[in-house]
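S.K.: What would the 3D arrangement of this be:
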Amino acid sequence: MAAAVFGDFLRAGRLYLEAAVEPGDSEVACLPDAVPPLHRLVTVLSLYLEDLARYGEIEAAGRTDMQRAVVDAGAALRTAAGCLDRGAVDLRPAGRVRQPASSRARLLAGAAAELAVGRDLLHTHFVLDPAGFAQERSEWAPVVTSLPVARALAAECAAWSARLGPFTARLADLATPYMSGALAGQLVVFYPGELASAGQWLRAASAALRPAPGAGPARAEDTGLLHAIPAALPPPRQPLDPAESVAELCAGIAISASRLRAAIHRHPDTDGWSPRLTSGGWQWTARSAAITSHLGELALRSLAGRAAQLTGVTVTRTQVESTAEALAGMRTAWQQVGVIWNLFITERRLRPTLAASEASDLLLRMGRLVWDNPQWTPARADRAPRRDPAALAPGPAAFAAVVSATHQAADALARAAAADTAAVQAAARAGRLQVPTRSLSARYDIPRAFAPAPPPRLRDLRDAYHGAAEASTHAAHELGELAITLDAPSKALALARAAVPGPARRRSGPGIDVRSRRDLPRAGLPFTETRASTVPPGPVEQAVRQHGISDPVVLRRAAAIDDAARDLIALAGQADTAPEPGAHQNRAAVLLAAHSFPHDPAAGPSVNPIRPASRPGGLSPGRSRTRES
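M.R.: Next up, the predicted model:
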């Protein structure tokens, strides 16, 4: 059974919505019980926009991009929800037995429930730390707060508001004094003016979101990425089965790659003295990655010939062979890392880890996909002939599935390269990397069997990891391009990598190379550098990034300060031609400065990239506190 994704709930909610707003003769009878679920649905929509808002109302006042539209539309939806809350007053006693809800009310309630559950799914990618601050819980967390997803989500909120506006206006027309009198036996009092206002505010929210100035309209790729966001919980491990078919092997590779990325994200080894950090573990990972990338290369070599034979395949043989060459470079780079680990050792040689277990499953499934042996292992005794290309990819769907599986494996190994580089750096700073004394030159007079690794050796290790990380990222990028062209199952993964802006390169600390510092590799970062703003980072954001700060809240605050500075400079540049700027501009600038630099640390409102899930009616916990810069 496939794991649930956000699109499942969005599509189900849309079906409920379309059925609920369809005009019908039963609107008068459903009026008493339709307003409460409608109020809840509008409230859930407003919560989505609160999650998208990265700035407060004062900060957004001076902006002209999508954030201004999101803040304005969110305020309109909150006002509409307030009007709906006041639009109907139920005077029935609390203990009185209520009549079953009408079908239209149930449809509205179903739409609200689907949207609320979808929002809960997005919030699974964040968790509260002991101090109450939201922290990323999965590799998809940056995707949830990325610009493409924000565009798509804003477009969805605009479409829903546009459908609900006329429907609410029809309810207002029905809630006339005459109709309220006819329904007096149900003890519900309607206020047509409030319902009419709610319809107008819903239309205003839709109008505010549709232009999305400065951000551009939502693309089909943005919508596809939004729909593909899964829950943060990784899929359960799928035990190896010798009877797995090609399709099952491809699905199993995707599961193993997903679990490997989750293991890397949830257990980052930033402590140089972590017991999981061992030279044997790093060497095993390097050798496993080299074998896996070689298997991916062989799979693509087999697909290259099939690309010219199959009709309906949208890639050429040259494209597939070029990608296979990228995997060959990835294999060579990982082999270099494995060889160089022969010169190093830690106080403990090997310790099993969850990431190693998932990498082992990934390796075995890739081997059984390429070799015609259901019991294949890397041992020489299990050698087998290559699987026939026609059996590997009998049709376009199977062709895309094999490309997708290879893409998933390469992307997971690129993540592993970035994680291992940081972990090796931490171990080097802790002085845990040792080399045999006999391998050193005679000038090292150390009366012990092992000695601390000298800087030249550490530099060679660092360079090898840089090569593996860059080669892995390049191969994953090439495979992502194939996946997008083929519309393969891993297309969402490629779009996710392109949607998230990569963190700035951080300078290496002492340990790996004290004389020639070099930035960490680009492995595991997105394929294209995109930002939440089309403006390049300003001096404040650059200074914050140079200090190695990656907290998204702090970075967004820095970006807001840079934007305010640009606006102030632009305003000063207009002083000669416009010596009397509007009073509202001066007031907005003063309020923005007071907000960014409050005299009282507790005076500034919090900014949260995404708030913990909260739904009306007590269905989820309240909002979290957020960290101020």
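
S.K.: Could I get the buried residue list for the helix or strand residue 401 falls within?
M.R.: Counting by DSSP states H and E, the element that carries residue 401 is helix 396-429. Using 16 or more other CB atoms under 10 Å as the test for burial, helix 396-429 gives 396, 398-428. C-beta here means a position set from N, CA and C on the backbone, and glycine is covered the same way.

S.K.: can you map out the strands along this structure?
M.R.: Here the chain has its strands, by DSSP state E, at 88-90, 126-128, 134-136, 188-190, 434-436, 450-452.

S.K.: Not counting its neighbours along the chain, what's nearest the residue nearest the centre of the chain?
M.R.: Centroid check for the chain by CA atoms, centre = their mean gives residue 143 as the closest residue, at 2.1 Å. Among residues not flanking residue 143 along the chain, residue 496 sits closest, at 4.7 Å (CB to CB, 6 or more residues apart in numbering).

S.K.: With residue 306 as the reference, measure out to the closest residue to residue 308 other than its chain neighbours.
M.R.: The shortest distance from residue 308 to any residue other than its chain neighbours is 5.1 Å, reached at residue 317 (CB to CB, 6+ apart). For residue 317, the distance to residue 306 (CB to CB, to the nearest Å) stands at 9 Å.

S.K.: before we move on, what about residue 350?
M.R.: According to CB to CB, residue 350 stands 40 Å off from residue 306.

S.K.: what does residue 333 give?
M.R.: Separation of residue 333 from residue 306 (CB to CB) stands at 27 Å.

S.K.: Give me the more crowded residue out of those two.
M.R.: Using other CB atoms under 10 Å as the criterion, residue 333 and residue 306 rank with residue 333 on top: 25 against 21.

S.K.: What is the burial count for residue 72?
M.R.: A count of nearby residues for residue 72, using other CB under 10 Å, gives 19.

S.K.: hmm, I was thinking of residue 110
M.R.: Neighbourhood size, residue 110 [other CB under 10 Å]: 19.

S.K.: burial measure for the residue nearest to it when sequence neighbours are not counted, as a count.
M.R.: Using CB to CB, 6+ apart and skipping residues adjacent in sequence, the residue nearest residue 110 is residue 16, 4.1 Å away. Applying other CB under 10 Å, we find 20 residues neighbouring residue 16.

S.K.: before we move on, what about residue 377?
M.R.: 15.

S.K.: Equivalent analysis for the one 3 residues further on, please.
M.R.: Residue 380 is surrounded by 6 other residues when neighbours are defined as other CB under 10 Å.

S.K.: wouldn't the residue nearest to the centre of the chain be in contact with residue 493 here?
M.R.: No. Counting by CB atoms under 8 Å, residue 493 is not a contact partner of residue 143; they are 9.9 Å apart.

S.K.: Isn't residue 280 up against residue 352?
M.R.: No. With contact defined as CB under 8 Å, residue 280 and residue 352 do not form a contacting pair (10.3 Å).

S.K.: which residues sit in contact with residue 18?
M.R.: residue 163 (CB atoms under 8 Å, 6 or more residues apart in numbering).

S.K.: which residue ranges form the helices in the stretch 1-150 of the chain?
M.R.: 6-21, 27-52, 57-61, 66-87, 103-123, 141-144, 147-174 (DSSP state H, counting those that start in this stretch).

S.K.: Show me what the last one packs onto, helices and strands only.
M.R.: Spelled out, that is helix 147-174. helix 6-21, helix 27-52, helix 66-87, helix 192-209, helix 220-228, helix 491-499 (3 or more CB pairs under 8 Å, 6 or more residues apart in numbering; DSSP states H and E).

S.K.: tilt between that helix and helix 27-52?
M.R.: Orientation check (axes from the mean of the first three to the mean of the last three CA atoms, to 10 degrees): helix 147-174 against helix 27-52 gives 150 degrees.

S.K.: do the first one as well
M.R.: For helix 6-21 and helix 27-52, the angle between their directions (the same axes, to 10 degrees) works out to 150 degrees.

S.K.: please begin residue numbering at 44 from this point
M.R.: In the new count, where the first residue is 44, that last one comes out as helix 49-64.

S.K.: so helix 49-64 versus helix 263-271, what angle?
M.R.: Using the same axes, to 10 degrees: helix 49-64 against helix 263-271 is 100 degrees.

S.K.: pLDDT on helix 49-64, on average?
M.R.: Helix 49-64 comes out with an average pLDDT of 94.

S.K.: What residues sit buried inside it?
M.R.: Buried residues in helix 49-64 (16+ other CB under 10 Å): 49-53, 55-57, 59-60, 62-64.

S.K.: right, and the pair among the residues you listed with maximum separation?
M.R.: 49 and 64 (22.2 Å; CB to CB).
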